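Peer 1: generate a structure from the sequence data that follows.
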Amino acid sequence: PRPVCGTLAGYLSGYLSQLSGQPIYVIETSCAAMGDDFCHWTAKTEAEWKREEETGICKADLSVYKETWEHTYSMLKKERDNFCKSIRVHQKLTKELINHCTLQSIADIVHEITGIPVLIENEHFDLLKCSGILPEHAESHSSGFKQWFANLRTIHINAMEMKEAIHELQHHKSTVYVRMNHQHSRLITPILLNNRIKGYVSFVDQGQVFTDIDYMILEQAASACTLYLLNEQSAAEAEKRIHGLFFEELLSNRLGKEEAVKRGHYFGINLEKRYYIIVMSHSAADHRNEEVNDNLINIISQHFKKVGRHFLICQKEGNIVILYSCSNDSEDEKQIKKLCLHLQNLVLAAYPQVQFRFGISAGSEKIENVTNHYDEAVTALKITSSNNEIFSYPSLGIAGVLFKLGQKREIEHYISSVLGKLTEYDMKK
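Peer 2: Residues are numbered from 1 along each chain as shown. The predicted model follows:
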């Protein structure tokens, strides 16, 4: 019988060799499997073993052990190198997060250390950032994968393995290897925020074999993206809350003109320019109203920021209220209706089963009249129907005033806006 604990001897040899900086060979001199009372190992250098004739181990025996030790040592060294690579990724990403990282910097760090092309995409597989690959190639990868994913249900049964991988990715939120075709394979993991998938990080397969350390580093990158998105979400929520409170103060008529204009500058909006008030309602269930409104405000806000428009937005009486500041003097009621139609298409993409209606006020340069214009937009909203979901107050004419008959302030405002200077002239007489 021979000792059977060669694996343990090999690991001990590799560990002690690495620790001491010179080859150390461990031999099991007694083993419980041989009937001994316990297992016992002796560790010495090769020269020491050769000098120890009493061990009874010949040179041939030592060479057999040496081959096992060297293999174990190389495996341990590889594991150490992988561990060091993972630590470097972790340290660099942590430092970058502290210094207010971006998705691009996360992708760059991961590619720099691994040498593997990196893609960061949103939850719909639209490309956000890439590194280690030309942008046009990255865009082609993302669009191709998006199309393949959309058609996955109709793909032949041979793709069952890939369907199971996608199921693991989306439902179990696991890191998986996906082979779309012979030209496109990737290692992909989800970016999670509040346990919801907000995007994906991928390594593009260029013929290499992905190892456990690649899985680990990719998941580290996804975690860094989650922290980035969480920080962005917190900043956006704070900004939305502050803007909303300011707008609510305007609508409640608690601010004078000078104070309103002054604060408006702090929020990057000129309240001395022409503006319109838009009130949007929807048919979502009451118990979901607040959640839906939050999402709709995010969608609308992101769109306005993307196209460089100035606005204020808040919730009021279950509706979404927007103060839209005109970018130029040529923007009129017709263009505001087109804007509302575009917003309607935008929100319908997110909530296709929900009906949206819009009421639009008259345009004005007087921020002190914002409460009146809010009432106009609400009045126009009440006139909307399933056949006419976007309605403007000016198109009502005198009917708008009659609709609110008995509201003296609104009638006086209507007379003032329509007759304008003529009423001012009459009052001077």
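Peer 1: roughly how far does residue 356 sit from residue 386?
Peer 2: 11 Å (Cβ to Cβ, to the nearest Å). For glycine as for every other residue, the C-beta is placed from the backbone atoms N, C-alpha and C.
Peer 1: more crowded one of those two?
Peer 2: Shown here are residue 356 and residue 386; by other Cβ atoms under 10 Å, residue 356 has more neighbours (22 against 7).
Peer 1: phi and psi next, for that one.
Peer 2: phi -120, psi 140 (degrees, to the nearest 10).
Peer 1: residue ranges in the stretch 101-250 of the chain under the pLDDT threshold?
Peer 2: 153-160 (pLDDT under 70).
Peer 1: can you give me the helices for it?
Peer 2: 103-114, 135-150, 160-171, 212-251 (DSSP state H, counting those that start in this stretch).
Peer 1: in the very next helix or strand once past the longest one, what's buried?
Peer 2: Going down the chain from helix 212-251, the next helix or strand is helix 257-266, by DSSP states H and E. Of all the residues in helix 257-266, those buried under the rule 16 or more other Cβ atoms under 10 Å are 260-261, 264.
Peer 1: give me the contact list for helix 257-266.
Peer 2: Applying Cβ atoms under 8 Å, 6 or more residues apart in numbering, the contact partners of helix 257-266 are 246, 250, 255, 270-272, 366-368.
Peer 1: just stretch 118-127 next, same as before
Peer 2: 103, 106-107, 110-111, 128-133, 138-139, 141-143, 145-146, 149, 186, 191, 197-204, 221, 225.
Peer 1: can you give me the buried ones in that stretch?
Peer 2: 118-121, 125, 127.
Peer 1: kindly report the same for stretch 266-275.
Peer 2: 269, 271, 274-275.
Peer 1: need the distance between the two termini of that stretch.
Peer 2: Length of stretch 266-275, first residue to last, Cα to Cα, to the nearest Å: 18 Å.
Peer 1: identify the residue nearest residue 198 in space, chain neighbours excluded?
Peer 2: residue 191 (5.2 Å; Cβ to Cβ, 6 or more residues apart in numbering).
Peer 1: coming back round to it: from the buried residues of stretch 266-275, which is closest to residue 240?
Peer 2: Of all these, residue 269 has the smallest distance to residue 240: 14.2 Å, by Cβ to Cβ.
Peer 1: and the closest one, what does it touch?
Peer 2: Residue 269 neighbours (Cβ under 8 Å, 6+ apart): 310-312, 323, 325.
Peer 1: does residue 117 touch residue 207 like I think?
Peer 2: No: counting by Cβ atoms under 8 Å, residue 117 does not reach residue 207; the two are 11.8 Å apart.
Peer 1: give me the most central residue, the protein.
Peer 2: residue 198 (4.5 Å; Cα atoms, centre = their mean).
Peer 1: that residue reaches residue 229, doesn't it?
Peer 2: Yes: if you go by Cβ under 8 Å, residue 198 and residue 229 touch, sitting 5.8 Å apart.
Peer 1: shared neighbours of the two, anything?
Peer 2: In contact with both residue 198 and residue 229: residue 191, using Cβ under 8 Å, 6+ apart.
Peer 1: which of the contacts of residue 269 has the largest number of neighbours?
Peer 2: residue 323 (26 neighbours).
Peer 1: return the distance of it relative to residue 262.
Peer 2: For residue 323, the distance to residue 262 - Cβ to Cβ - is 16 Å.
Peer 1: repeat that for residue 333.
Peer 2: From residue 333 to residue 262 the distance is 29 Å (Cβ to Cβ).
Peer 1: among the contacts of residue 269, name the ones in strands.
Peer 2: If you go by DSSP state E, the contacts of residue 269 have 310-312, 323, 325 in strands.
Peer 1: out of the helices of the stretch 101-250 of the chain, nearest to residue 44?
Peer 2: It is, among these and with distance given as Cβ to Cβ, helix 212-251, at 33.0 Å.
Peer 1: shaky segments in the stretch 251-400 of the chain?
Peer 2: 285-289, 398-400.
Peer 1: thank you, goodbye.
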